[in-house]
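J.: how would this look folded up:
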Amino acid sequence: MDNSIYSIDSWTPNTFYFKNKVLTNGNLFYYVTQNYTSDVSSIINDINNGSLSGYIWYNGQNKPYFVWKHAYKANNKNTPRIKTISFGDGYTQRIPDGINTLLLNFSLTFESRDLHEITAILHFLTIRNASESFVWLPPAPRGQLTTVVCPEWSDVQEFYNTYTIQGTFIQTPV
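T.: As a prediction, the model looks like this:
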């Protein structure tokens, strides 16, 4: 089994795939969520039965969907965007700067992942290249689907077949 973010197999009916294998069908990429043999009729059946993931219908669009679960230490940095006006008598007035002034800004870690899973995650982030937003489910209490970008990430090989990714997910205004 090839483990490169650049070498992607095409989905083929009646083929066995290992979990976290990256597949393509046309110009769309899919990620295998469990070991399975593909459906003989169509890729849509594999998506509908949960064997493949990669896209979700969100706000009237088919959007890329990040399905991997992060480690428990998920740090959200709150930095409301405001305008401040200072007056000569020492009085200061603060007002929100536009709409969507408090966006999620999560620092996430994906620890102790094997080569197959790290390859799938890196492929997902690499093809988005910090410019294409995707759908992600933040942890509670903010646990509703939201659109984010990942402007930076790093990966480390900890041991043989044990990898860690750290990245930042920033909410995009809808």
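
J.: against which helices or strands is the longest helix along the chain packed?
T.: When the chain is parsed with DSSP state H, its longest helix is helix 115-128. Applying 3 or more CB pairs under 8 Å, 6 or more residues apart in numbering; DSSP states H and E, one finds that helix 115-128 makes contact with strand 22-25, strand 28-32, strand 105-113, strand 146-159, strand 162-171. No exception for glycine: its C-beta is placed from N, CA and C like everyone else's.

J.: neighbouring strands - and their directions - for the longest one?
T.: Partners of strand 146-159 in the sheet, by DSSP bridges, are strand 134-136 (antiparallel), strand 162-171 (antiparallel).

J.: what of the shortest one?
T.: Here strand 22-25 is paired, per DSSP bridges, with strand 9-10 (parallel), strand 28-32 (antiparallel).

J.: likewise the third one?
T.: Here strand 105-113 is paired, per DSSP bridges, with strand 75-76 (antiparallel), strand 162-171 (antiparallel).

J.: angle of the last one against helix 115-128?
T.: Orientation check (axes from the mean of the first three to the mean of the last three CA atoms, to 10 degrees): strand 162-171 against helix 115-128 gives 30 degrees.
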